[in-house]
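Visitor: what follows is a protein structure lacking sequence information:
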């Protein structure tokens, strides 16, 4: 099933899956080509998928087709679209009084959209409706705080993304695997803007309060091998930081 042109009852939503897409909203929108579509984001960006679904329900949409977009190498799979959309449906059905007694039917493309000109192909493949049996947003595995020694913050703001933060994140992940460091030792988190944009891509290591500038693949590998593995922060490309004075 694909959205009918000019039919306001059926809406197409392109959903950015990661921080990479959130930094390029216009690029995500352009993937719609000549089709009418709106844009939402699974994480970091605005509007969120839940907010966009609520907006479309308020407008009286009867059917919504969700297509995940991945422009980079990593990000959640399409199954997360189903999880989040199903959670939204359950919340709508559980409201008293019900805000949208006839919330739109939602279908989700099984494939992710990655390149220009692929939308028709993605929509022609498996596009499955929600069944009500989708997994929820909670799990026993996600109940406890991780026991990591370090948390690495990779800036995925627009400037850092434009200057290669996707490559930085991939290089860090690869180096961690090569050194045998798992999530119980190093937790990598991709964030919004970390502010010193002139030094993109920026990476911060906590709780050490060490910030690095211009982290390319080579520096990422050294950061893992020396700082994270042997607790020896690098001096090269380390950014000075002055703590603000607390007022009385």
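Guide: Looks like it came in fine. It should be emphasised that the depicted structure is a prediction, and the values quoted were computed from it without experimental measurement. Numbering: from 1, shown residues only.
Visitor: contacts for stretch 156-176 next, please.
Guide: Among residues not part of stretch 156-176, those counted as contacts by C-beta atoms under 8 Å, 6 or more residues apart in numbering are 19-20, 22-24, 44, 72-74, 152, 154-155, 182, 186, 188, 190-194, 197, 200-203, 215-217, 220-221, 223-225, 228. From N, CA and C alone the C-beta is placed, and that goes for glycine too.
Visitor: what stretches of the chain score poorly on pLDDT?
Guide: Low-confidence regions of the chain, defined here as pLDDT under 70, cover residues 1-7, 95-101, 247-248.
Visitor: list the buried ones in stretch 38-56?
Guide: Of all the residues in stretch 38-56, those buried under the rule 16 or more other C-beta atoms under 10 Å are 38-45, 48-49, 52-54, 56.
Visitor: tabulate the residues you listed (CSV), appending distance to residue 104 and secondary structure.
Guide: What follows is those, written out as CSV (distance: C-beta to C-beta, whole Å; DSSP: H, G, I helix; E, B strand; the rest coil):
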residue, distance to residue 104, secondary structure
38, 13, strand
39, 17, strand
40, 14, strand
41, 19, strand
42, 18, coil
43, 22, coil
44, 25, coil
45, 22, coil
48, 17, strand
49, 13, helix
52, 11, helix
53, 8, helix
54, 10, helix
56, 6, helix
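Visitor: farthest pair within the residues you listed?
Guide: The most widely separated members of the buried residues of stretch 38-56 are 44 and 56, with 20.8 Å between them, by C-beta to C-beta.
Visitor: mind giving me the packing neighbours of the longest helix seen in the chain?
Guide: As assigned by DSSP state H, the longest helix anywhere in the chain is helix 79-94. Applying 3 or more C-beta pairs under 8 Å, 6 or more residues apart in numbering; DSSP states H and E, one finds that helix 79-94 makes contact with helix 49-58, strand 63-69, strand 105-109.
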